[in-house]
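> Just to be clear, the model below is a prediction. Sequence and coordinates:
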Amino acid sequence: MREVFIIGVGMTPFGVHAQRSTGDMAREAVTKALEDAGATAADVGATFYANTAAGAIEGQYGMKGQHALRPLRIEGGPFVNVENACAGSSTSLNLAVTQVGSGMVDVALAVGSEKLNTEDRVKRASAFGQPQDVDAMKVFLDAYAGAAADITPPPGVEIDPKMFSLFMEGYALQAKLHMKKYGTTWQQIASVSAKNHHHSTMNPLAQFQKDFTVEQILAAKVIAWPLTMPMCAPISDGAAAVLVCSKDALPRFAANRAVKILACVLVSGTARKLDDPNSGIRRASSKAYELAGVGPKDIDVVEVHDASAYAEINQIEQCGLVAPGEGGPATQRGDTKLGGKLPVNPSGGLESRGHPVAATGAAQVYELVLHLRGEADKRQVAGAKIALASTSGGFIGVEDAATCVTLLGKL
């Protein structure tokens, strides 16, 4: 495999964009990535376009990417549409890296774009209520709810049935099992959310840019205990794009701002049991460390898939960044905040930056590239040289159906 470099990144603001289409947002992100690299559409040799919900929301099921990007004249080379749930654009990046690394093309584009907000409840239900996803989560809940039956809310906590979310019930059960095994506390999980919401106040592209204290987060409406509303990722619209190239092609672009891809590892979940520690996240991160020749102690800044606040605790533990059971205490101590030992989710994370499903992985890479270039402004992690992104998608059995871990290095 040839060395592969990121030469351009682009991202739209994340939020509720009622008047924008998936394609419109994709074109904005791609245009920004090309401009960032000093490239043109003609430079793009292969394109990988991730989207999950355009079929349900906008009625376009096939050739989404070609329709979205033809107006920019992104055409002629290999063009692949990707659907891999929340890991969609991470998968696109993995494919782009593989295409360039193999020598098939010198420049490749990875895109993720998603429009999830709609006033049509039938369309939204179709996007989020896919029957096999629902069935898989119900199987998990039925199998393991009894094991956490003794982990209950404090007196006075009220759960509004109108706030019910099956997928947050899944995260909540995982959180309760972690609380039972390691003694993780509700306050520690809230500390993750408070940290990420604070980080988002320094991110002009974040969906939410409001500070919350731990106390405010604990007092908020409960979605699925122990998860309150600020602990859960919102429904978001947005797009992000990453342009990569070979070493030979670097001189054609803004090479002084390039970031090296040290590893990009994509795995699927397995039919393991919950007590089997060989999770997809652990397998992907271990392989990424091996390929990059680095270890968890070498990482300076991290973006992980915090679709719920608990998920961040799980991901930093599974990636070996903290010991099992230490995710909650480390966060409560301030180790993972900006200025701490290992800043996690300086963008605000999914909880606060937003989570336009297929665009999330590319957005994580966008954030990390800024830090490695020294361009993250008020949220800059000083001296960042090596960064890690971990993105997960879907849920089958006891874990994510797809996971991608990417390691980036400053030149």
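Done, it's in. Numbering: from 1, shown residues only.
> Which strands border the helix or strand encompassing residue 406, and is each parallel or antiparallel?
According to DSSP states H and E, residue 406 maps onto strand 402-410. Next to strand 402-410 in the sheet, as set by DSSP bridges, lie strand 259-268 (antiparallel), strand 386-393 (antiparallel).
> Nearest to residue 308 among those would be which one?
strand 386-393 (11.5 Å; C-beta to C-beta). Every C-beta, even on glycine, is put in place using the N, C-alpha and C of the backbone.
> Please state the offset of the closest one from the chain centre?
Averaging C-alpha coordinates over strand 386-393 and over its chain gives two centres that are 7 Å apart (C-alpha atoms, centre = their mean, to the nearest Å).
> same question, stretch 227-246
The answer for stretch 227-246 is 6 Å, by C-alpha atoms, centre = their mean.
> thinking again about what came up before, for residue 240, find the nearest of the strands paired with strand 402-410.
The nearest among those, by C-beta to C-beta, is strand 386-393 at 11.6 Å.
> what is the mean pLDDT for the closest one?
In this model, strand 386-393 has a mean pLDDT of 98.
> One more: stretch 323-330?
Mean predicted lDDT for stretch 323-330 stands at 98.
> before we move on, which element is residue 124 in?
Counting by DSSP H and E, residue 124 is found in helix 121-128.
> ok, the residue lying closest to residue 305 once chain neighbours are set aside to residue 269 distance?
Take residue 305 and drop its neighbours on the chain: the residue closest to it by C-beta to C-beta, 6 or more residues apart in numbering is residue 392, 4.7 Å away. Using C-beta to C-beta, to the nearest Å, we find residue 392 at a distance of 9 Å from residue 269.
> who's more crowded, the two?
Using other C-beta atoms under 10 Å as the criterion, residue 392 and residue 269 rank with residue 392 on top: 30 against 21.
> per-residue confidence for the closest residue to residue 350 other than its chain neighbours?
Excluding its sequence neighbours, the residue lying closest to residue 350 (C-beta to C-beta, 6+ apart) is residue 233, at 4.0 Å. Here, the pLDDT recorded for residue 233 equals 97.
> Please produce CSV containing the strands paired with strand 402-410, extended by distance to residue 411.
Shown next, in CSV, are the strands paired with strand 402-410 (distance: least, C-beta to C-beta, whole Å):
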stretch, distance to residue 411
strand 259-268, 6
strand 386-393, 12
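> Please identify the most buried of these.
strand 386-393 (a mean of 28; mean count of other C-beta atoms under 10 Å).
> Can you tell me the element residue 286 falls in?
Since the elements are taken from DSSP H and E, residue 286 ends up inside helix 280-292.
> Show me which parts of the helix holding residue 124 are buried, residue by residue.
The neighbour-count check on helix 121-128 (16 or more other C-beta atoms under 10 Å) flags 123, 124, 127, 128 as buried.
> I'd like the mean pLDDT over that helix, please.
If you average the pLDDT over helix 121-128, you get 84.
> other SSEs contacting the following helix or strand past it?
Next helix or strand after helix 121-128 toward the C-terminus (DSSP H and E): helix 131-144. Applying 3 or more C-beta pairs under 8 Å, 6 or more residues apart in numbering; DSSP states H and E, one finds that helix 131-144 contacts helix 166-182.
> chain center to whichever helix or strand comes after the helix it packs on: distance?
With elements assigned by DSSP H and E, the helix or strand that comes after helix 166-182 is helix 186-200. Relative to its parent chain, helix 186-200 has a centroid offset of 17 Å by C-alpha atoms, centre = their mean.
> what's helix 186-200 packed up against?
helix 214-219, strand 227-228, helix 309-318, helix 327-333, helix 349-352.
> quick one: contacts of the longest one?
The set of residues external to helix 309-318 that reach it, using C-beta atoms under 8 Å, 6 or more residues apart in numbering, is 171-172, 174-175, 178, 184, 188-190, 192-193, 196, 226-227, 231-232, 279, 281-282, 285, 302, 304-306, 322-328, 330-331, 336, 344-345, 349, 351, 390, 392.
> Pairing partners for residue 399 in the sheet, please.
Residues in beta-bridge contact with residue 399 (DSSP bridges): residue 396.
> Count residues in the vicinity of it, would you?
Around residue 399 there are 25 residues (other C-beta under 10 Å).
> Over to residue 294?
18.
> Chain neighbours aside, what residue packs nearest to it?
residue 386 (6.0 Å).
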